[in-house]
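Peer 1: predicted structure and sequence below. I'll ask about it afterward.
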Amino acid sequence: VILKHYVTGYLKESDMELKNTTIKLNVPKGSSAVVLKNLYLSCDPYMRYRMRKIEGSYVESFIPGSPITGYGVAKVLESGDSNFQKGDIVLGRTGWEEYSIVTATQTLFKIHDKDVPLSYYLGIFGMPGLTAYAGFYEVCSPKKGETVFVSAASGAVGQLVGQFAKMLGCYVVGSAGSKEKVDQLKSKFCFDEAFNYKEEQDLDAALKRYFPDGIDIYFENVGGKMLDAVLLNMKVHGRIAVCGMVSQYNLEQTEGVHNLFCLITKRIRMEGFLVFDYYHLYPKYLAMIIPQIKAGKVVYAEDVAEGLESAPSALVGLFSGRNIGKQIVVVSRE
Ligand code: NDP
C-alpha cells in the first residue's frame with residue numbers, strides 16, 4: 001500500500017493505492033537484513049501525521065510513492081542477523097506489504113509468549129498498551145478514589161486507561177462516538193459511566209452531570225472542544241495527560257482552545273508525553289499485563305480488517321470512529 005502524495009485535509013482512501021510488485025525474497029549476501037512475512041499490521045492515528053511534510057519532529061514523514069510503514073507482527077522467513085532465526089515471530093516496524101525486508105533489525109522484538117492472540121502485540125501488548133500504562137501511571141500520578149475522565153475511551157489506548165483506573169479504585173467515565181461503544185465501555189470495560197459526545201449539545205453540561213465535584217484526572221485523546229469543556233470541569237490540582245488530539249489531525253489549522261486560563265486558576269498540571277520515552281518500562285509492563293489478560297482480569301477489544309487491500313479504509317475509519325477497539329489488519333494468519 002503506497003502513499004500517493006502528502007495529504008491535506010481529511011484522509012481519503014484515494015490518497016493511498018495498492019500496487020503489485022515482485023521482489024526477491026532473500027537476504028543479500030553479507031547483509032544482516034531480515035526477510036519477513038507480514039501477518040498483522042497496525043492502524044494508528046499518528047500515521048495521519050506522517051502523511052504531511054514534517055520537519056524536526058519525533059517522527060519523519062512517509063515518503064510519497066513508497067509503501068506506508070508501521071507496527072507489524074511478522075514471521076521471519078530468512079535472516080542475516082544471528083539474533084533471529086527462520087520461523088521466529090517478531091514485532092517491529094514493517095511495511096504495509098505482504099513481505100518486508102528489514103535492515104534496521106535492532107527495531108525488531110522477538111515475541112516469546114505466543115500463547116495469546118499474536119495481534120495483541122499491536123495493541124494491548126504493544127505501543128498502545130504501553131501508552132495507556134505509562135500515560136496513566138507515570139504522567140497522571142493517580143490515587144485511589146480519584147475521578148478520571150477518558151476521551152476516545154473505547155479505542156486502543158482508552159479502553160485500557162479506563163481498566164487501569166478501575167483497578168486502582170478510581171471513579172471512571174469515558175466518552176465515545178456511538179451507542180454501541182458507550183454500552184461496551186460500561187458492560188465490558190467496567191467504566192462507571194460513559195456518554196456519546198456526538199449526542200451532547202453542551203459538553204460542559206455533560207461533564208457536570210458525571211462529575212458534579214469535578215475531575216481529578218483527564219486522559220486526553222481528542223483535543224479541541226472536549227479539552228475546552230474539560231478545563232472548565234477540572235478540580236484544583238487536577239492533572240491532564242495529553243496523549244493525543246485525534247480531532248485535530250486532519251485539520252490544517254488546529255482549533256483554538258479558549259479555557260487555558262483554568263490551568264492557572266485551578267493549578268492544573270497538563271503534560272504532553274510520548275510513549276517512546278517509556279520503552280524502558282516495556283518488559284515490566286509485559287510481565288504485568290500478559291498474566292492479567294490470561295486470567296481474564298483485563299479484557300481487550302480489537303477491530304479486525306481482513307486483507308492488505310482493506311488497510312486504507314481501516315486507517316481512514318479511525319478518523320470517523322468506525323473502529324470499535326484497536327484497529328488491526330490481517331495480512332495472513334500464518
Ligand atoms: P483509537 O483506537 O481510539 O481510534 C481513534 C478514535 O478516535 C476513533 O475510533 C474515534 O472514536 C475517535 N475520534 C476520531 N475522530 C475524532 C474526532 N474528530 N473527535 C473526537 N474523537 C474522534 O486510537 P488510539 O487509541 O490508538 O489513539 C488514541 C489517541 O492516543 C490518539 O490521539 C493518538 O494519537 C494518541 N496516541 C498517543 C501516543 C503517544 O505516545 N502520546 C501513542 C499512541 C496513541 P469515537 O467513536 O469515540 O469518536
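Peer 2: Perfect, I can see it now. Numbers count the residues shown, from 1 in each chain.

Peer 1: for the stretch 1-150 of the chain, which residues are neighbours of the ligand?
Peer 2: Neighbours of the ligand within the stretch 1-150 of the chain, by Cβ under 6 Å from any ligand atom: 44-46, 128, 131. C-betas here are computed from N, CA, C, even on glycine.

Peer 1: just send those back as TSV, with distance to residue 208 too.
Peer 2: Shown next, in TSV, are these (distance: Cβ to Cβ, whole Å):
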residue	distance to residue 208
44	33
45	28
46	32
128	30
131	29
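
Peer 1: residue 6 reaches residue 49, doesn't it?
Peer 2: No. Applying Cβ atoms under 8 Å, one finds residue 6 not in contact with residue 49, separated by 11.5 Å.

Peer 1: for residue 124, helix, strand, or coil?
Peer 2: Using DSSP: H, G, I helix; E, B strand; the rest coil, the three-state assignment for residue 124 comes out as coil.

Peer 1: ok, the closest residue to the ligand within the stretch 201-334 of the chain - contacts?
Peer 2: Using Cβ to the nearest ligand atom, the closest approach of the stretch 201-334 of the chain to the ligand is made by residue 244 at 2.0 Å. Neighbouring residues of residue 244 by Cβ atoms under 8 Å, 6 or more residues apart in numbering: 45-46, 152, 157, 220-223.

Peer 1: try 10 Å
Peer 2: Counting by Cβ atoms under 10 Å, 6 or more residues apart in numbering, residue 244 touches 44-46, 49, 131, 135, 151-152, 155, 157-158, 219-223, 272.

Peer 1: now, which of those residues lie within strands?
Peer 2: 219-220, 272 (DSSP state E).

Peer 1: most neighbours among these, which one?
Peer 2: The most crowded member of those, judged by other Cβ atoms under 10 Å, is residue 219 (30 neighbours).

Peer 1: that one and residue 13, how far apart?
Peer 2: 30 Å (Cβ to Cβ, to the nearest Å).

Peer 1: biggest strand in this structure by residues?
Peer 2: As assigned by DSSP E, the longest strand anywhere in the chain is strand 69-79.

Peer 1: can I assume residue 284 is in contact with residue 138?
Peer 2: No. Taking Cβ atoms under 10 Å as the definition, residue 284 is not a contact partner of residue 138, at 11.5 Å.

Peer 1: secondary structure element for residue 239?
Peer 2: Per DSSP states H and E: residue 239 is located in strand 234-242.

Peer 1: helices or strands next to that strand in the packing?
Peer 2: Judged by 3 or more Cβ pairs under 10 Å, 6 or more residues apart in numbering; DSSP states H and E, the packing partners of strand 234-242 are strand 147-150, strand 215-220, helix 224-233, helix 262-265, strand 269-272.

Peer 1: what angle do helix 224-233 and it make with each other?
Peer 2: 140 degrees (axes from the mean of the first three to the mean of the last three Cα atoms, to 10 degrees).

Peer 1: got the angle for strand 234-242 vs strand 215-220?
Peer 2: Going by the same axes, to 10 degrees, strand 234-242 makes 20 degrees with strand 215-220.

Peer 1: does strand 234-242 come close to the ligand?
Peer 2: No. Between strand 234-242 and the ligand, judged by Cβ under 6 Å from any ligand atom, nothing touches; the nearest distance is 7.7 Å.

Peer 1: so what are the sheet partners of that strand and their directions?
Peer 2: Applying DSSP bridges, strand 234-242 is found paired with strand 215-220 (parallel), strand 269-272 (parallel).

Peer 1: pull out the buried residues from that strand.
Peer 2: Within strand 234-242, the residues scored as buried using 16 or more other Cβ atoms under 10 Å are 234-235, 238-242.

Peer 1: and residue 189, how far from residue 97?
Peer 2: Taken as Cβ to Cβ, the span from residue 189 to residue 97 is 34 Å.

Peer 1: ok, the residue nearest to the spatial centre of the chain - contacts?
Peer 2: Central residue of the chain (Cα atoms, centre = their mean): residue 128, 4.2 Å from the mean position. Shown in contact with residue 128 (Cβ under 10 Å, 6+ apart): 42, 44-45, 71, 122, 155-160, 243, 275, 300, 326.
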